[in-house]
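In: Sequence first, then the predicted structure, then my questions.
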Amino acid sequence: MTLTAKDASRRTREICALAPIVPVLVIEYVAHARPLAEALVAGGLPALEVTLRTPAALDAIAAMAEVAGGHVGAGTLITPEDVRAAKRAGATFGVSPGATDALIAACEEEDLPLLPGAATASEAMRLLELGYDMLKFFPAEASGGAPALKAIGAPLPQITFCPTGGVSPENVESYLSLPNVLCAGGSWVAPKKLIDAQDWAGIEALARAAAESGQKG
């Protein structure tokens, strides 16, 4: 049975609700994938986005899919073939910088819940019309940051976002404090320097700090 947009958004919402930060990961070497996932999950960040920007990405997804407690998604989905490859690799959700009819159809056919990207009210409204109400706000900072997302949320309160792109420890709280934000995507929890050094303890510490982001008293 084809996945519906409403079911896709319900499932991505459940994944986004697991922790305030979704690590956005660029993995160069498959050997790094499993220990990286284990460190992030141990630090309290179970939802992981592996971007399809490197030759190792699909094999990295396959390795991370075996880590207990993790929910591994594929990011930078652009084409239907990206979707099919991500699904075969073991991705449990997909993330895209934008949304096309072909990409949406492929995700629904492959039963891969999609977190589609939108940067404007019109893009968000189109996705809402299709049934998607859990979206990625991208590129967040370049599109006006938290003030822009707050403004979009005023007339569209039924849409929830995961802002990604330029989100950092310095500005993440401004996003997470918004009523229309469930989580944020960020790469700072797994910097290239620490991955290359295989400093998994250091990455776990960053994840633990990020997992406490946005806590409301």
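Out: Thanks, I have it.

In: can you give me phi and psi for Thr79?
Out: Backbone geometry at Thr79, expressed as degrees, to the nearest 10, gives phi -120, psi 160.

In: Before we move on, what's the pLDDT of it?
Out: As predicted, Thr79 sits at a pLDDT of 98.

In: Can you give me every residue that contacts it?
Out: 102-103, 106 (Cβ atoms under 8 Å, 6 or more residues apart in numbering). The way it works is simple: take the backbone N, C-alpha and C, and place the C-beta from them, glycine included.

In: between those, which has the most around it?
Out: Most neighbours among the contacts of Thr79, by other Cβ atoms under 10 Å: Ala106, with 22 neighbours.

In: does it count as helix, strand or coil?
Out: What DSSP: H, G, I helix; E, B strand; the rest coil gives for Ala106 is helix.

In: For Phe93, see how far away it is.
Out: Distance of Ala106 to Phe93, given as Cβ to Cβ, to the nearest Å: 14 Å.

In: residues shared between the contacts of these two?
Out: Joint contacts of Ala106 and Phe93 (Cβ under 8 Å, 6+ apart) are Leu112.

In: circling back: Throw the contacts of Thr79 into a markdown table and include pLDDT, thanks.
Out: Below are the contacts of Thr79 laid out as a markdown table (pLDDT from 0 to 100):
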| residue | pLDDT |
| --- | --- |
| Ala102 | 98 |
| Leu103 | 98 |
| Ala106 | 98 |
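
In: Out of the residues you listed, flag the one nearest to Gly165.
Out: Comparing the contacts of Thr79 against Gly165 with Cβ to Cβ places Leu103 closest, at 18.3 Å.

In: helix or strand for the closest one, which one?
Out: Secondary-structure assignment from DSSP states H and E places Leu103 in helix 101-109.
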